[in-house]
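Visitor: Next come a sequence and a model predicted from it.
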Amino acid sequence: MLRSELIDKLHEENPHLTRRDMERVVAVVLETVTQTLERGARVELRGFGAFSVRHRKARPGRNPRTGEPVAVPEKHVPFFRTGKDLREKIDSSRDA
């Protein structure tokens, strides 16, 4: 689902609000999640999952084209872990 499709779906379910209002809601939610992760904090949406930041140490790597060794610097990366409810819904939808 694309961001625009999410906005359209929210607008369909909330016709009393304008599409522009829905765009703002989605933007605020995503920006809040982003800012929280930038601070290194965790975002948990019960039943859906949790976003967190993981630290990856510097390590040696290889250039896949040339095979030359390259130094991969340390970095922080976003990580998402699904919630139990979401896992169960996805799993049960595959059984049908």
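Guide: Happy to help now that I have it. Numbering: from 1, shown residues only.
Visitor: Now find how far off-centre the helix or strand of the chain with the lowest mean pLDDT is within its chain.
Guide: Evaluated with mean pLDDT, DSSP states H and E, the helix-and-strand set of the chain has its lowest mean pLDDT in helix 84-95, which scores a mean of 88. Centroid separation for helix 84-95 versus its chain: 18 Å, with Cα atoms, centre = their mean, to the nearest Å.
Visitor: what does stretch 40-58 give?
Guide: Relative to its parent chain, stretch 40-58 has a centroid offset of 9 Å by Cα atoms, centre = their mean.
Visitor: do stretch 2-16 as well
Guide: What separates the centre of stretch 2-16 from the centre of its chain is 19 Å, taken as Cα atoms, centre = their mean.
Visitor: Quick check: buried residues in the longest helix along the chain?
Guide: Ordering each helix of the chain by length in residues (DSSP state H) puts helix 19-38 first. Counting neighbours by 16 or more other Cβ atoms under 10 Å, one finds that the buried residues in helix 19-38 are 22-23, 25, 37. C-beta coordinates here come from the backbone N, C-alpha and C atoms, glycine included.
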